[in-house]
Structure formats: C-alpha cells, structure tokens
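>>> sharing a model that was predicted from the sequence below.
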Amino acid sequence: MDVTLGVGQSSESEMVYRLGLQWDFQRSWWETSTGRLTGYWDTAYSYWQGDQTSSNHSLSLSPVFVYEFAGERFRPYIEAGIGVAAFADTEIEDRDLGSSFQFEDRLGLGVRFGADQDLGLRVIHYSNAGLKNPNDGVEVYSLYYRMGF
C-alpha cells in the first residue's frame with residue numbers, strides 16, 4: 001500500500017488537498033529495455049477549499065495505468081486513468097456539477113526515486129459525462145508526493 005499527498009488548484013481557483021491510498025496491480029505488461037506498463041488502484045479523499053462558496057469534499061476510486069521508463073536511480077513515468085467520484089455538494093464556486101456522482105479522468109507525469117517514492121504533476125477532470133444537466137465540470141492541477149509502505 002502507498003500513500004499520496006497532493007496539493008493543487010482547481011480551474012475555479014479553489015485550493016484542493018488530496019490524501020490517497022494506492023494498491024499496485026501486481027502485474028506488468030510489455031516489459032522491454034525501454035520500460036513497462038503497470039498500474040494501481042487509487043482511492044482518495046479531497047478537500048476543496050472554497051473562496052466564494054462553502055468548501056466541498058469528495059471521495060474517489062480509479063484504476064490508473066502507468067508507463068514507467070527504465071532507469072536505475074530515477075524512473076520517469078506517465079499515467080492515465082478514469083474512475084468515479086462522489087461529491088458532498090454539487091456546486092464548486094461558480095460551477096454546477098449537476099450531480100454528486102462524477103467521473104474522474106486523469107493524466108499525469110512523474111519520477112520514481114529511492115525506495116518507493118514518487119514526485120509528480122497531475123491534471124484531473126471531473127464531469128458527469130452529460131448524465132445530468134447542468135454538467136459544468138471542473139479541473140484540478142496538482143503536485144503530489146507518493147510514498148510506499
């Protein structure tokens with residue numbers, strides 16, 4: 001199990017703080033001298049600190065695929081995933097998410113170093129995919145640190 005701490009800003013200028021737990025897939029595919037494809041399950045709690053409106057909270061669960069490039073001390077990687085999230089409130093500043101249920105799409109890049117540590121950047125988009133109107137959606141741009149236990 002790994003723990004991730006993240007801090008970022010939403011497209012609505014809210015500060016977003018994220019605490020996550022990850023479990024590796026325990027599998028890899030397409031292993032070559034260049035790298036390998038692997039992944040993990042990510043579950044997280046996020047606190048959205050509002051400027052204009054009250055704060056919000058969300059819980060999420062996502063499978064995330066990671067392409068890790070080969071390296072000895074530093075192993076750069078890219079990641080992508082699509083999962084689900086539940087928000088306590090459907091409003092984030094001026095945006096109306098339309099429902100508490102949201103899809104969580106993510107893209108990220110980072111570097112692994114030391115014994116099971118990561119540092120990276122990530123963008124996450126939340127949207128209900130048009131299942132309910134309105135569907136304003138929101139993005140989060142964040143820096144994160146991940147440590148294995």
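Alright, I've got the coordinates. Numbering: from 1, shown residues only.
>>> sketch out the low-pLDDT regions of this protein for me.
52-53 (pLDDT under 70).
>>> who touches stretch 4-17?
With contact meaning CB atoms under 8 Å, 6 or more residues apart in numbering, stretch 4-17 is reached by 18-22, 42, 44, 46-51, 92-95, 118, 122, 138-147. Placement of C-beta: from N, CA and C, glycine included.
>>> please pick the buried ones from the residues you listed.
Buried residues within these, counting neighbours by 16 or more other CB atoms under 10 Å: 18, 20, 22, 42, 44, 46, 48, 50, 92-93, 95, 118, 122, 138, 140, 142, 144, 146.
>>> on that earlier part again, just the ones of the contacts of stretch 4-17 in strands?
18-22, 42, 44, 46-49, 92, 95, 118, 122, 138-147 (DSSP state E).
>>> can you give me the strands in the chain?
2-10, 15-24, 35-49, 56-69, 74-87, 91-92, 95-96, 101-113, 117-127, 138-148.
>>> most packed of these?
strand 91-92 (a mean of 20; mean count of other CB atoms under 10 Å).
>>> parallel or antiparallel, list what pairs with it.
strand 95-96 (antiparallel) (DSSP bridges).
>>> quick check: bridge partners of the residue lying closest to Y47 once chain neighbours are set aside?
Among residues not flanking Y47 along the chain, Y17 sits closest, at 4.7 Å (CB to CB, 6 or more residues apart in numbering). As for beta bridges, Y17 partners with V7, Y47 under DSSP bridges.
>>> and what of the one 4 residues further on?
Beta-bridge partners for L21, by DSSP bridges, are V3, T43.
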